[in-house]
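Visitor: My questions concern the predicted model and sequence given below.
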Amino acid sequence: MFKHIIQALVIASVGWSSTVAAAPPEKSASTPGLSTPESIQAWKKQHRNWGRWGAEDQLGAANLISPAKRREAAKLVREGVSVSLAHTLETHKAPDVPSPLVHEMIEHGEAPTSTYAADRLDLGYHGWSHTHLDALCHVFDEGKTYNGHAQGKVDSKGCSVLSVHAMRDGLVTRGVFIDMAAFKGLPYLEPGTPIHASDLEAWERKTKVKVTSGDAVIVRTGRWARRAAVGPWDVSAHSPGLHASSVEWFAARGVAVVATDVGLDVMPSGVEAYVMPVHLLLISSLGVHVIDNADLEALAKASAARGRYDFLLSVAPLAVEGGTGSPVNPIATF
């Protein structure tokens with residue numbers, strides 16, 4: 001009998017503080033949007049999706065993935081070639097792996113009486129190590145989750161609303177791959193490099209690929225390529241990633257899912273008083289599902305070889321009642 005124990009980490013509201021600091025620096029003409037606490041506070045109040053799909057909504061921006069959208073995405077399968085976007089689960093501690101997978105064999109072939117093999121998995125999957133999907137109950141903002149639910153609805157028993165169980169039918173849609181490292185002519189982006197909305201717009205203009213409503217956007221920084229070249233580092237403190245300004249771009253296009261090969265946000269964020277503003281705005285304000293720590297190296301090769309940036313994306317999280325997320329193995333099919 002196989003046992004899979006997934007230990008979910010619920011992010012406390014203090015870790016996602018949206019407190020406005022006193023006397024923040026003035027925004028210069030060259031500073032991109034959503035760079036100050038005031039601009040973020042104003043933006044989320046004006047643009048958040050709370051109530052857009054009703055008070056009882058559990059899906060958030062996944063509502064944009066309609067049956068018609070899935071049928072259109074399925075037409076992108078021309079070769080039948082699939083590519084995994086999951087990083088192999090790390091089993092040893094490292095600067096970027098504080099909570100490795102514990103893989104225990106329960107039954108194995110070395111025991112003469114064994115008639116089968118079985119194992120047990122113990123995994124704290126949130127953080128900067130393992131490929132996982134964040135549920136909409138994962139992030140709190142000023143005591144609320146997405147759609148205005150009190151954060152108290154996430155208690156010691158799990159999420160009574162917005163849990164990953166709502167995603168048990170999977171996320172199946174058009175995936176759009178943005179290899180930002182390659183776009184900038186680099187094997188990988190260095191830690192601390194932000195990806196702004198202007199970078200995403202420039203990529204669209206050059207490739208002539210239009211991101212549309214209900215799409216899943218997958219952004220490569222080259223994190224795993226850098227790790228292979230120079231070794232692991234503390235990604236939680238210093239990482240390339242999305243700047244808060246990118247949220248305006250995702251919202252304008254109606255993106256349903258955002259995946260990166262890091263923890264989504266550039267670290268440090270560059271926005272005073274906000275540790276991870278992209279997580280906060282995408283999940284809590286817009287109801288966008290987020291995939292962290294995807295391994296996009298194989299996808300980069302497959303995309304470049306074909307000169308294609310879109311494909312069918314399939315994501316199937318574990319059906320965990322009350323779960324704040326799930327390890328996932330996203331699949332791109334060309």
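Guide: Noted; the coordinates are in hand.
Visitor: H130 versus D292, what's the distance?
Guide: 8 Å (CB to CB, to the nearest Å). C-beta here means a position set from N, CA and C on the backbone, and glycine is covered the same way.
Visitor: Show me where this structure dips below the pLDDT cut-off.
Guide: Along the chain, segments meeting pLDDT under 70 span 1-32.
Visitor: which residue ranges form the helices in it?
Guide: Taking DSSP state H to define them, one finds helices in the chain at 37-47, 67-74, 180-183, 197-207, 223-230, 246-253, 277-279, 297-306.
Visitor: quick one, which of D292 and H130 is more surrounded?
Guide: D292 (26 against 22; other CB atoms under 10 Å).
Visitor: Count the neighbours of the residue nearest to the more buried one when sequence neighbours are not counted for me.
Guide: In space, and not counting its chain neighbours, D292 is closest to G263: 5.2 Å by CB to CB, 6 or more residues apart in numbering. Applying other CB under 10 Å, we find 24 residues neighbouring G263.
Visitor: Equivalent analysis for I106, please.
Guide: With other CB under 10 Å as criterion, I106 counts 13.
Visitor: That one is in contact with L121, isn't it?
Guide: No - assessed by CB atoms under 8 Å, I106 is found out of contact with L121, at 10.7 Å.
Visitor: Nearest to S285, out of the helices of the chain?
Guide: Of all these, it is helix 37-47 that lies closest to S285, at 4.4 Å by CB to CB.
Visitor: name the helices or strands packed onto that closest one?
Guide: If contacts are counted by 3 or more CB pairs under 8 Å, 6 or more residues apart in numbering; DSSP states H and E, helix 37-47 sits against helix 246-253.
Visitor: buried sites along the helix it packs on?
Guide: For helix 246-253, a neighbour-count test (16 or more other CB atoms under 10 Å) marks S246, V247, E248, W249, F250, A251, R253 as buried.
Visitor: Then stretch 36-56?
Guide: Under the neighbour-count criterion of 16+ other CB under 10 Å, stretch 36-56 has T36, P37, S39, I40, W43, K44, R48, N49, W50, W53 buried.
Visitor: Show me how far it is from its chain's centre.
Guide: 19 Å (CA atoms, centre = their mean, to the nearest Å).
Visitor: First-to-last residue distance for it?
Guide: By CA to CA, to the nearest Å, the extent of stretch 36-56 from end to end equals 32 Å.
Visitor: again, but for stretch 247-267
Guide: First residue to last in stretch 247-267 (CA to CA) measures 16 Å.
Visitor: now stretch 301-317
Guide: First residue to last in stretch 301-317 (CA to CA) measures 25 Å.
Visitor: starting at the chain centroid, how far to that stretch?
Guide: Taking CA atoms, centre = their mean, the mean C-alpha location of stretch 301-317 is offset from the chain mean by 16 Å.
Visitor: got it, and stretch 99-118?
Guide: Counting by CA atoms, centre = their mean, stretch 99-118 is centred 32 Å from the centre of its parent chain.
Visitor: what's the closest of the helices of the chain to H138?
Guide: helix 277-279 (8.2 Å).
Visitor: Other residues contacting that closest one?
Guide: Around helix 277-279, the neighbours that count as contacts under CB atoms under 8 Å, 6 or more residues apart in numbering are 16, 34, 40, 134, 139, 241-244, 246-247, 263-265, 269, 271, 290.
Visitor: change it to 10 Å
Guide: Helix 277-279 is contacted from outside by 11, 15-16, 18, 34-35, 37, 40, 44, 134, 138-139, 141, 195, 241-247, 250, 258, 260, 263-266, 269-271, 288, 290, 292, using CB atoms under 10 Å, 6 or more residues apart in numbering.
Visitor: Pull out the buried residues from the residues you listed.
Guide: When the contacts of helix 277-279 are checked for burial by 16+ other CB under 10 Å, the buried set is 11, 16, 18, 34-35, 37, 40, 44, 134, 138-139, 141, 195, 241-247, 250, 258, 260, 263-266, 269-271, 288, 290, 292.
Visitor: how big is the angle separating the longest strand belonging to the chain from helix 297-306?
Guide: Longest strand of the chain, by residue count under DSSP state E: strand 171-179. Strand 171-179 and helix 297-306 are oriented at 70 degrees to each other (axes from the mean of the first three to the mean of the last three CA atoms, to 10 degrees).
Visitor: Pull strand 171-179 out as CSV, backbone CA atoms only.
Guide: Taking Å, rounded to 0.1, in the frame of the first residue of the first chain, the C-alpha atoms of strand 171-179 are listed here in CSV:
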residue,chain,number,x,y,z
LEU,A,171,-5.9,23.1,-15.4
VAL,A,172,-5.9,22.4,-19.1
THR,A,173,-5.4,25.4,-21.4
ARG,A,174,-3.1,27.1,-23.8
GLY,A,175,0.4,27.5,-22.5
VAL,A,176,2.6,30.3,-23.7
PHE,A,177,6.4,30.0,-23.0
ILE,A,178,8.4,33.2,-22.5
ASP,A,179,12.1,32.4,-22.3
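Visitor: Wait, A259 touches G175, no?
Guide: Yes - counting by CB atoms under 10 Å, G175 is a contact partner of A259 at 8.3 Å.
Visitor: Check the contact lists of these two and give me the overlap.
Guide: Common neighbours of A259 and G175 (criterion: CB under 10 Å, 6+ apart): L85, A216, V217, I218, L313, V315, P330.
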